[in-house]
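[1] Return atomic coordinates for the entry below.
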Amino acid sequence: MKLTRKFYQPALALLFVVAFGTVSAQAQKGADEKVVLPPSPSPPLAQAPLLPLPVKPVADTLAPAGWTRYEVGEPALFSLLLPAEPGASAERVDVMHGVLLAVRTYMSPTDSGVYGATYVDDLPAATMNEMSKRTFFEGFVKGFAEGFEREMKTHGATGTLQMSEQRTATMSGLAGYEQDFSFDKLQGRVRLVFDGGRAYAVLAFWNALSSNSERNTFFESLKVNRKR
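    Numbers count the residues shown, from 1 in each chain. Sure thing, here's the model as predicted:
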């Protein structure tokens with residue numbers, strides 16, 4: 001099945017809404033295991049519009065042909081290599097008991113797949129242990145994968161989503177988790193790391209036009225500005 005950019009853009013917007021819709025249920029599981037989360041922000045802050053952070057291209061001599069490094073934020077919060085200027089979205093997500101997260105997503109489609117990142121802020125860092133981090137990651141991946149499969153099938157694809165074992169991972173000196181999945185001839189990966197009250201997810205799904213070199217360069221390209 002050949003997917004076009006016309007398909008990628010609207011599908012991705014839906015996929016990430018679905019992904020974080022599932023995090024709420026996973027967070028509830030964490031609550032049953034006595035993960036304590038703080039109360040929500042005050043109403044004025046909670047209801048303030050959330051906008052995507054600005055994105056700009058920057059020089060990177062190690063970027064593969066056709067790829068560019070993009071900085072997100074002013075000053076920059078993080079940067080990564082992408083095949084095209086990313087589309088951006090932002091929303092506040094109520095994951096549990098009024099705990100609101102600021103979620104910003106930046107995605108770039110190309111002929112070989114879709115590549116991008118999700119930046120999550122306002123995590124309850126003081127109360128998040130490894131169990132709650134893993135629960136958050138599981139909810140993120142499960143929602144993304146299920147939404148991906150559902151959206152693919154609405155466009156006529158057949159097959160079953162296959163998930164790999166979770167494994168620990170690092171990016172930009174930060175620790176977290178990653179997981180691979182496949183659907184028909186498409187492959188995908190989500191890698192997510194934590195930095196206090198923030199999380200950074202680098203994720204992609206790709207077809208046979210993608211190379212190992214291209215993917216490895218992409219997944220290792222995240223640079224987090226921890227001095228901000």
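[2] residues contacting residue 137?
    166, 176, 177, 192 (CB atoms under 8 Å, 6 or more residues apart in numbering). The C-beta positions use only the backbone N, C-alpha and C, and glycine is treated the same way.
[3] Next one, pLDDT for the last one please.
    Which is residue 192. Listed pLDDT for residue 192 reads 97.
[4] got the contact list for it?
    137, 140, 141, 176, 177, 178, 199, 200, 201, 202.
[5] Go through these and flag which are in strands.
    Residues of those located in strands (DSSP state E): 176, 177, 178, 199, 200, 201, 202.
[6] Looking at these, which one is closest to residue 83?
    Distance to residue 83 across those (CB to CB) is lowest for residue 202, with 13.5 Å.
[7] residues in contact with that closest one?
    Here residue 202 is in contact with 80, 116, 117, 171, 190, 191, 192, 218, 219, 221, 222 (CB under 8 Å, 6+ apart).
[8] one more time with 10 Å, if that's ok
    By CB atoms under 10 Å, 6 or more residues apart in numbering, the contact set of residue 202 is 78, 80-81, 115-118, 169, 171-172, 178, 189-193, 218-222.
[9] Just the buried ones from the residues you listed?
    78, 80-81, 115-118, 169, 171-172, 178, 189-193, 218-219, 221-222 (16 or more other CB atoms under 10 Å).
[10] Please flag which of these sit within strands.
    78, 80-81, 115-118, 169, 171, 178, 189-193.
[11] Of those, just say which sits nearest to residue 206.
    Of those, the one sitting nearest to residue 206 (CB to CB) turns out to be residue 115, at 7.9 Å.
[12] wait, doesn't that closest one sit right on residue 218?
    Yes - using CB atoms under 10 Å, residue 115 is in contact with residue 218, at 5.6 Å.
[13] Are there residues contacting both of the two? Which ones?
    Joint contacts of residue 115 and residue 218 (CB under 10 Å, 6+ apart) are 67, 80, 81, 82, 83, 108, 202, 203, 204, 206, 210.
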